[in-house]
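A.B. asks: Provided below are the primary sequence and the corresponding predicted coordinates.
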Amino acid sequence: MARKGQLEEIFSKALFADESGQYKIFYRNFEKIREVTLPEFLIESNNFQTIPVSRIKKIKKSNTVLFEKNYMVGE
């Protein structure tokens, strides 16, 4: 399960203390993984209403991985 506290910290810092466009969000969209910037993700997800946090697989800032969800067999 995604660590909600860790994700909340990343999003809070990205939105209020950093340049949010530097953050890339990788999320599961049906059978594919999509990559979008944080501002694009917020628009597409209607501020997390249509794309739940549980579908986020990875978050990167520049070339640094800030969060990566462990993949399980059958996922």
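C.D. replies: Yep, it's here. Numbering: from 1, shown residues only.

A.B. asks: so the residue nearest the centre of the chain is in which element?
C.D. replies: For the chain, Ile25 is the residue whose C-alpha lies nearest the centre (C-alpha atoms, centre = their mean; 3.9 Å). Here Ile25, judged by DSSP states H and E, is contained in strand 23-29.

A.B. asks: what separates the residue nearest to the residue nearest to the centre of the chain when sequence neighbours are not counted from Ile10, distance-wise?
C.D. replies: Nearest non-adjacent residue to Ile25, counting by C-beta to C-beta, 6 or more residues apart in numbering: Phe41, 4.3 Å away. (Glycine included, C-beta is placed from N, CA and C.) Distance, Phe41 to Ile10, using C-beta to C-beta, to the nearest Å: 12 Å.

A.B. asks: So which of the two has more stuff around it?
C.D. replies: Set Phe41 next to Ile10 and count neighbours by other C-beta atoms under 10 Å: Phe41 wins out with 23 against 20.

A.B. asks: what's the helix or strand for the more buried one?
C.D. replies: helix 38-44.

A.B. asks: What residues are bridge-paired with Ile56?
C.D. replies: Beta-bridge pairing of Ile56 under DSSP bridges involves Tyr27.

A.B. asks: which residues touch it?
C.D. replies: Neighbouring residues of Ile56 by C-beta atoms under 8 Å, 6 or more residues apart in numbering: Ala2, Leu7, Ile25, Phe26, Tyr27, Phe67, Lys69.

A.B. asks: Filter those residues down to just the buried residues.
C.D. replies: If you count burial by 16 or more other C-beta atoms under 10 Å, the buried members of the contacts of Ile56 come out as Leu7, Ile25, Phe26, Tyr27, Phe67, Lys69.

A.B. asks: Which pair of those residues spans the longest distance?
C.D. replies: Leu7 and Phe26 (12.7 Å; C-beta to C-beta).
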